[in-house]
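Trainee: 3D model of this:
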Amino acid sequence: MGYCRPQRQGRTHSNRTSAGLCQGGDRPLGDPGVRHLWGVVSTTLVQIAQRTIAEGGLAFLVDLPFWVRTGMEILQFVAQAPAFARRGLDAKALLELRGTEPFFFLLNGWNEISEGTAESAVQALRELEQNYPSAGIIVATRTHRLRPPLPGAFRAQLLTLRRSQRDQYLVIALGKSANDLAAKLNNSRTLDGLTRTPLILAEVTELFRIGRMNWVVW
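Mentor: Numbers count the residues shown, from 1 in each chain. Predicted structure coming up:
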């Protein structure tokens, strides 16, 4: 599940991209390797980032709880990542790179915000929304009592996967071993249903990859 505030300005193609990216989760998953860091929801964020960049936009994936704990301005936080630091890109340089194209901030982990940092998280998100009024903002989360303070945002929820989408994920994640797991899932009514949910699919795939499928009840 996520909350999306589309970009408010920018070139025509970016407006189309922003609207399309915020319509929901009826898309196959992206790079499976990312799940080891952030979980399955954020593989969709990676896919959004790739599409935004391909169309000329600037998208930043942000570990939201970590960002909140640092208390840093968001571009300063982004600029400290090794990929930017190696190129000598600081927050000022990132602003200059933007040109006429609004940023797209993809924030993951709102549901991981603790009670102790909830107030800081709310304030950080409010400042982000105020400081970058033309930016697109997506907050990925599981169900959480605290709703992200994003005026004009709407909630989108990932759809369950079709079998073809699940098979595509398995091929990306497992390569030649994909058919073996696909056959097991297709032959088990229980697992066939459970693994239409991205998070469970990723966990089952990881168990299969490391040879721990004996833990799974068929």
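Trainee: use CA for all of it now, contacts and neighbours both
Mentor: Fine.
Trainee: Would you mind listing the outside residues contacting the strand or helix carrying residue 83?
Mentor: Using DSSP states H and E, residue 83 sits within helix 82-85. Residues from elsewhere that reach helix 82-85 (C-alpha atoms under 8 Å, 6 or more residues apart in numbering): 78, 79, 90.
Trainee: Let me see the mean pLDDT of the helix or strand that residue 172 is a member of.
Mentor: Residue 172 is located in helix 163-174, with elements delineated by DSSP H and E. In this model, helix 163-174 has an average pLDDT of 91.
Trainee: Highest neighbour count among the contacts of helix 82-85?
Mentor: residue 78 (22 neighbours; other C-alpha atoms under 10 Å).
Trainee: Just the buried residues of the helix or strand where residue 181 lies, please?
Mentor: Using DSSP H and E, residue 181 falls within helix 178-186. Under the neighbour-count criterion of 16 or more other C-alpha atoms under 10 Å, helix 178-186 has 178, 181, 182, 185 buried.
Trainee: again with stretch 127-147
Mentor: Neighbour counts over stretch 127-147 (16+ other C-alpha under 10 Å) mark 128, 129, 134, 135, 136, 137, 138, 139, 140, 141 as buried.
Trainee: Looks like the fourth one contacts residue 128 (just checking).
Mentor: No. The criterion here is C-alpha atoms under 8 Å, and residue 135 misses it with residue 128 at 9.1 Å.
Trainee: Cross-check the contact I'm expecting between residue 107 and residue 136.
Mentor: No. If you go by C-alpha under 8 Å, residue 107 and residue 136 don't touch, sitting 10.8 Å apart.
Trainee: residues making contact with the helix holding residue 181?
Mentor: With contacts defined as C-alpha under 8 Å, 6+ apart, helix 178-186 is touched by 167, 170, 171, 191, 192, 195, 205, 208.
Trainee: Buried by neighbour count: which residues of the very next helix or strand once past that helix qualify?
Mentor: Later in the chain than helix 178-186, the nearest helix or strand by DSSP H and E is helix 189-194. The neighbour-count check on helix 189-194 (16+ other C-alpha under 10 Å) flags 191, 192, 194 as buried.
Trainee: which strands and helices sit next to helix 189-194?
Mentor: helix 178-186 (3 or more C-alpha pairs under 8 Å, 6 or more residues apart in numbering; DSSP states H and E).
Trainee: quick check: mean pLDDT across the helix it packs on?
Mentor: Average pLDDT, helix 178-186: 93.
Trainee: hey, C-alpha coordinates of that helix in PDB?
Mentor: Provided in PDB are the C-alpha atoms of helix 178-186 (Å, rounded to 0.1, in the frame of the first residue of the first chain):
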ATOM      1  CA  ALA A 178      12.200 -20.800 -11.900                       C
ATOM      2  CA  ASN A 179      10.300 -23.600 -13.500                       C
ATOM      3  CA  ASP A 180      10.900 -25.900 -10.600                       C
ATOM      4  CA  LEU A 181       9.400 -23.600  -8.100                       C
ATOM      5  CA  ALA A 182       6.600 -22.500 -10.500                       C
ATOM      6  CA  ALA A 183       5.500 -26.100 -10.800                       C
ATOM      7  CA  LYS A 184       5.400 -26.500  -7.000                       C
ATOM      8  CA  LEU A 185       3.300 -23.400  -6.600                       C
ATOM      9  CA  ASN A 186       0.900 -24.300  -9.400                       C
END
